[in-house]
Structures are given as structure tokens and as C-alpha cells.
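Visitor: Build the 3D model from these lines:
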Amino acid sequence: MPDTTWRPKSSPAGLLGLGAALFLGLAALASGLFAIRQPVGFAMFLGLLVGFVCGALAILVVVLTIGYFLMRYRFEPAGLAVNWLGRRELIPYDRVDGIFAGQRLGQAMRVRGLNWPGFHVGIGRTRVMGFVRYFVTTGDLNEIALIVTPDVTFALSPADVAGFRRELIERVEASEHRPPPAVTADSSEPRPAPSPLRDVTLAATILASVAVIVLTGLYIGARWSGIPDVLPMQFSRDGAVLSYGQREDIFRLPGIGAAILIANLGIGLAIYARERAAARMLWAISVVVQVLMMVATARILH
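Guide: Here you go, the predicted structure:
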């Protein structure tokens, strides 16, 4: 049989993603413009931080929206390939034990991973089907096809679910020369959760953050002899000094950055199993915070 490609069912996720990305991008721009007009202080830091977070979220939403528009289910000679955001998940025909409608889940979808209206990609666990991997663009179980294998059940949402199931059954029969697959009550045990310690983002965050903190400390040390005992720490918009501190207080800035780094690392590790994207975002923000603290330190000592 020739290869055929099926699109997922259409949903409002694409328009919602584009709208959210536009809103976040404008918020990032506004926050950045606000921050660069502020003197060194909390207002500048907060504006830059909000701008970075909104900008990073806008990029993330754009990437995920592109993933929605490019998601495809492709019938190939070796099996059914699910393509999403550069990832390719192959379901060999000879591994298919059952092909069912979405109602066989026995419960509403509970997806750990990407969840927004009309777009769900992630994993879940049900009493009937066991471990389930979702690549769907709808929450309506009537529009979902379940493909059971010995290891995991795949949930897909082709535009024509009935036609999709017919073609899959034909290909399974052609590949194995046997009747349509029988009902399987449950799938096997779930795979172990991914370890955050193997995530390159965590290692990169720690190395980059520590490097920036060390550079900040070296910069302070190089200028230490020339730093006055009383140091202006906060300025108004017109450059007037609002508060002073001892020169030892300059270490508060990298100290605050280090505290935020530790907090974000801990929160990221705690939520990694369920929300890897959010954990990585927290870790990336930690690096930006260190850079902001280094810039603020340099401006105060300049």
C-alpha cells in the first residue's frame, strides 16, 4: 500500500495559540520598554524579569502552535508514524493488539503534559487501558482512536476517525495476514518517569548560573579597593540617590540571585515529572536573573 498522511481533527487551538503568543509578545515589549526607562532598582529588575518571562512564554507558545499545525499521522510500510515537533513515534503494525474508539478509555482524559483547549499531548494512566500516550486535538472521546500495543496505548484524533481506523485495520491485516486485532483489557506497566538529572537544561542552568555568579564576585573583588565605605544602592528616575548602604551590601545582589536560583531549581525538580516545559522555563529564568543581578551590580559600581 502507498504511504498516506492523515491530519488531526481541526480545533481552535491554532487561533488560541497565535492570539496568546501575540499578547505575550506585546507584554514582553511593554515590560522591556518600561524597564529600560527605570533607574537601577527593583522596578528595573521587575520589568526585565516580567519581560523575559513573557517573551520566553511567547516563544514557547509559538513553538507549540507550530507543533499543532504540523502534527501528522502517517501510514508507512513499517508502521504508523506520529510526527510532532520534530519527534517521530513509530507504531509497528505487528505490535498492534487492539484498535478501539475513545470511549474505551472508561473515563475522561487526564493528560500530564501539554493541555490547552483543543490540543493535548502527553501521558496518562487509566484503569481500563493502562498507560496512554496522547497526541490529540480534541477532548471528545467520540473523535479519538485508541491503538493498543503490548507496552502502551496511543490516543490519536484523525479528522476522519472511522476512515482512519479502517485503514489501520487493513494495514495490520496485510502485515500479519490475520483477522482484525482482538480486544486487550489492559496494557503493561507504565514506563518509569524521566529523570531531571539527565536533562541537559538542568546542567546548563547550573553551569551558566554559577559562572555568572563567579564573574560577578570577581568583578566586585577587582573593584573592591576603590569602592567607598558608603555606597548609593538605589536611584530615582532622575538619578537622585534614594538609599545608601555599606559597601558590603553590594554582595546582596548576587546573593539574591543565588537564592532565586536555588528556589527555581527546587521547584523545577519537584514539578519535572508532570510539567517538564514549566520546569525548564524556571531553570532558564534563573540564568537571566543572574545576568540581571550582574548588570545591576556593574551599574552601581560604575
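Visitor: What average pLDDT does the lengthiest helix in the chain get?
Guide: Taking DSSP state H as the criterion, the chain has its longest helix at helix 42-70. Here helix 42-70 scores 81 as its mean pLDDT.
Visitor: After it, which helix or strand is next?
Guide: strand 72-75 (DSSP states H and E).
Visitor: Can you list the strands that the helix or strand following that next one pairs with?
Guide: Remark: after strand 72-75, the chain's next helix or strand is strand 79-84, criterion DSSP H and E. Strand 79-84 has these partner strands in its sheet, going by DSSP bridges: strand 72-75 (antiparallel), strand 87-92 (antiparallel).
Visitor: among the helices and strands of this structure, which has the poorest mean pLDDT?
Guide: strand 230-235 (a mean of 72; mean pLDDT, DSSP states H and E).
Visitor: Give me the below-cutoff pLDDT ranges for the stretch 101-250 of the chain.
Guide: 176-195, 233-242 (pLDDT under 70).
Visitor: quick one: the strands in this structure?
Guide: 4-6, 72-75, 79-84, 87-92, 98-101, 112-116, 119-126, 130-136, 145-148, 153-156, 230-235, 241-246 (DSSP state E).
Visitor: Quick one: the helices in the stretch 101-250 of the chain, in order.
Guide: Counting by DSSP state H, counting those that start in this stretch, the stretch 101-250 of the chain has helices at residues 161-176, 200-223.
Visitor: just checking, what packs against the last one?
Guide: Okay, so that is helix 200-223. helix 252-271, helix 276-301 (3 or more C-beta pairs under 8 Å, 6 or more residues apart in numbering; DSSP states H and E). Any C-beta I mention is one placed from the backbone N, CA and C, and that applies to glycine too.
Visitor: Show me which residues of it are buried.
Guide: T201, L202, T205, A208, S209, V212, I213, T216, I220 (16 or more other C-beta atoms under 10 Å).
Visitor: between the longest helix of the chain and helix 276-301, how many degrees?
Guide: 150 degrees (axes from the mean of the first three to the mean of the last three C-alpha atoms, to 10 degrees).
Visitor: between helix 42-70 and strand 112-116, how big is the angle?
Guide: Using the same axes, to 10 degrees: helix 42-70 against strand 112-116 is 90 degrees.
Visitor: From the chain's centroid, how far away is helix 42-70?
Guide: Computed by C-alpha atoms, centre = their mean, to the nearest Å, the chain-centroid distance of helix 42-70 equals 11 Å.
Visitor: Offset the numbering so it begins at 44, please.
Guide: Renumbered: residue one is now 44, and that last one reads helix 85-113.
Visitor: Please identify the buried residues of it?
Guide: By neighbour count with 16+ other C-beta under 10 Å, helix 85-113 contains the buried residues 87-88, 90-101, 103-105, 107-108, 110-111.
Visitor: and that helix with helix 295-314, angle?
Guide: 30 degrees.
Visitor: Next one: the closest residue to H163 other than its chain neighbours from L123, what distance?
Guide: Distance criterion C-beta to C-beta, 6 or more residues apart in numbering; nearest residue to H163, sequence neighbours excluded, is V154 at 4.6 Å. Using C-beta to C-beta, to the nearest Å, we find V154 at a distance of 20 Å from L123.
Visitor: Would you mind splitting this protein into its domains for me?
Guide: By the assignment in automatic domain parsing, the chain contains the domains 131-219, 235-345.
Visitor: Counting neighbours, what do you get for A205?
Guide: A205 is flanked by 9 other residues according to other C-beta atoms under 10 Å.
Visitor: Please apply the same query to I212.
Guide: I212: 15 neighbours (other C-beta under 10 Å).
Visitor: sorry, back to before: looking at the strands of the chain, spot the one closest to R319.
Guide: The closest of the strands of the chain to R319 is strand 155-159. By C-beta to C-beta, the value is 7.9 Å.
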